[in-house]
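>>> for reference, the sequence and a predicted model appear below.
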Amino acid sequence: MEAHDFTPPPEPPQLLEPAQPRGMSSSATTAIGSRKRLNAFERYLSLWVGLCMFVGVVVGSLAPAFVWGLRGLEFGSGSQINVPIAVLIWLMITPMMMKVDFGAIRDVGRRPRGLLVTLFMNWMVKPFSMAAIAWLFFRHVFGPWIAPADADQYIAGCIILAAAPCTAMVFVWSYLSDGDPAYTLVQVSVNDLLMLLLFAPIVRYLVSGAASLHVPFEVLLYSVLVFIVIPLTAGVLLRQWFLRAKGRCWFEEVLLPRFAPISMTALLATLVLIFAFQAENITTKALHVALIAVPILIQVYFNSSLTYGLMRLFSVEYAIAAPGALIGASNFFELAVATAIALFGPESGAALATVVGVLIEVPVMLSVCSVCNRTRQWFPKPPAPVGP
């Protein structure tokens, strides 16, 4: 899940000891005090998603012609990239990409074990475990209640969701679990770069295999271009330009907070559109929404537990282990939803499955943060800082 008003640390310190959480204004820090918490929007995100679901279903039911017109707006014939969804996704993702400092990658060699575990889980375990879990539940456990065609769609949606590792919301989870923000930044930066190369082939391979659905590779490449390459490039270029023109302090304390309401509004508008496109599915398949949540929940707890366990096995310090477990559990849902819509349509079961992940992510991730905070004594203490 992606945050829209939480800025990662501006300049990665030496990766020798956990840095203090940064990216929040002094007034916000004072208000929070010693008690770490989410802001109102993040804390009640599941409520906002529920409200968007209600509004979208009402609009889709009462104004089907209007919704159908929006659904038909594409970037060129056959691209299957919905224009309103794409514009809203850009408004959400570009500010998030502006927060990521890819220069932090140069510090990865100082403590590589945590990053290697994170990458192993995100790209070698997470998508494949989700494919297996979704196939088991939708093909067999839930077989009496879900038709085979719907099962294929839900499996595909779950795979797409798992193949997109979390990029921005993880900074919030890292903050709540006393993670090292500098190292979290490294993990996120490397994941974003790998996503450019691995997301499309993994989705195509797993969806074609587990769901037996045809995945048009050109459409998948369009999705990567539109929803990853364009906002990533725009974010990097804008970050560099603003830092040179206005300086780091203005960029982080003035500009980025101004994007928060824009990104939040775009997020909510995207959800309203998605649920409007899905109005018929939701009103006729309410049971399916609950069933879709089951394998997603199992996958979240399985991957976070396995990541956390591997971090302990390899004696990774807690401030790196906790964010690693949270990255392994959370998802880049904006990319997942947009890709499902491009591949299978805005009214598809695959798109519905990706949106169900949004409904459950915040409370589930808060529970993972709680477990991490209660078990920090399992991990070795960080090395003492090196003197001047």
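Received it, and whenever you're ready, just let me know what you need.
>>> for residue 277, which non-adjacent residue is spatially closest?
residue 346 (3.5 Å; C-beta to C-beta, 6 or more residues apart in numbering). Any C-beta I mention is one placed from the backbone N, CA and C, and that applies to glycine too.
>>> how about the one you found, what does it touch?
By C-beta atoms under 8 Å, 6 or more residues apart in numbering, the contact set of residue 346 is 71, 82, 85, 273, 274, 277, 278.
>>> could you report the neighbour count for the last one?
Here the neighbour count serves as a burial measure; for residue 278 (other C-beta atoms under 10 Å) it reads 26.
>>> follow-up on the earlier one: narrow the contacts of residue 346 to those in helices?
Using DSSP state H, the members of these that fall within helices are 71, 85, 273, 274, 277.
>>> dump the residues you listed to TSV, plus neighbour count, distance to residue 228 and pLDDT.
Formatted as TSV, the ones in helices among the contacts of residue 346 follow (neighbours: other C-beta atoms under 10 Å; distance: C-beta to C-beta, whole Å; pLDDT from 0 to 100):
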residue	neighbour count	distance to residue 228	pLDDT
71	20	23	79
85	26	15	82
273	23	20	86
274	27	19	80
277	25	22	83
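>>> among those residues, which pair sits farthest apart?
71 and 274 (10.7 Å; C-beta to C-beta).
>>> just give me the neighbour total for residue 193.
13.
>>> swap that for residue 44, please
Number of residues near residue 44 (other C-beta under 10 Å) recorded here: 14.
>>> for residue 294, same thing?
Using other C-beta under 10 Å: residue 294 sits among 17 other residues.
>>> please name the nearest non-neighbouring residue to it.
Spatial nearest neighbour of residue 294, chain neighbours left out: residue 137 (6.2 Å); criterion: C-beta to C-beta, 6+ apart.
>>> thought residue 297 was touching the one you found, still the case?
No. Using C-beta atoms under 8 Å, residue 137 is not in contact with residue 297; the gap is 10.7 Å.
>>> neighbour count: the two, which is higher?
With neighbours defined as other C-beta under 10 Å, residue 137 and residue 297 compare such that residue 137 has more, 22 against 14.
>>> what about the more buried one, distance to residue 143?
The gap separating residue 137 from residue 143 is 9 Å, by C-beta to C-beta, to the nearest Å.
>>> ok, now residue 237?
Relative to residue 143, residue 237 is positioned 49 Å away (C-beta to C-beta).
>>> and residue 264, by the same measure?
Taking C-beta to C-beta, one finds residue 264 at 39 Å from residue 143.
>>> what's the pLDDT at residue 278?
Confidence at residue 278, expressed as pLDDT, is 77.
>>> same question for the one 5 residues further on.
According to the prediction, residue 283 has pLDDT 82.
>>> kindly report the same for residue 99.
For residue 99, the pLDDT comes out at 74.
>>> wouldn't it be in contact with residue 257 here?
No. Here residue 99 does not reach residue 257: they are 11.2 Å apart, not a contact under C-beta under 8 Å.
>>> quick one, which of the two is more surrounded?
Ranked by neighbour count (other C-beta under 10 Å), residue 99 and residue 257 place residue 99 first, with 25 against 14.
>>> and the more buried one, how far from residue 192?
Residue 99 is 11 Å from residue 192, by C-beta to C-beta.
>>> which other helices and strands does the helix or strand where residue 184 lies contact?
Element membership for residue 184 (DSSP states H and E) is helix 181-210. Packing contacts for helix 181-210, counted by 3 or more C-beta pairs under 8 Å, 6 or more residues apart in numbering; DSSP states H and E, involve helix 112-120, helix 126-136, helix 148-162, helix 169-176, helix 217-224, helix 318-329, helix 333-344.
>>> who are the contact partners of residue 277?
Counting by C-beta under 8 Å, 6+ apart, residue 277 has contacts 56, 60, 67, 70, 71, 341, 346, 347, 351.
>>> swap the cut-off to 10 Å and go again
Counting by C-beta atoms under 10 Å, 6 or more residues apart in numbering, residue 277 makes contact with 56, 59-60, 67-68, 70-71, 82, 85, 341, 345-348, 351-352.
>>> phi and psi next, for the residue most central in space within the chain.
Centroid-nearest residue in the chain, with C-alpha atoms, centre = their mean: residue 332, separated by 2.0 Å. Dihedral pair for residue 332: phi -90, psi 80, per degrees, to the nearest 10.
>>> pLDDT value on it, please?
The model's pLDDT for residue 332 equals 82.
>>> picking up where we left off before, neighbour-wise, which of residue 264 and residue 143 wins?
Counted by other C-beta under 10 Å, residue 264 and residue 143 do not tie: residue 264 has more neighbours, with 19 against 12.
>>> what about that one, which SS state?
Taking DSSP: H, G, I helix; E, B strand; the rest coil as the rule, one finds residue 264 in the helix state.
>>> so for the strand or helix carrying residue 363, mean pLDDT?
Following DSSP H and E, one finds residue 363 within helix 349-374. Averaging pLDDT along helix 349-374 gives 86.
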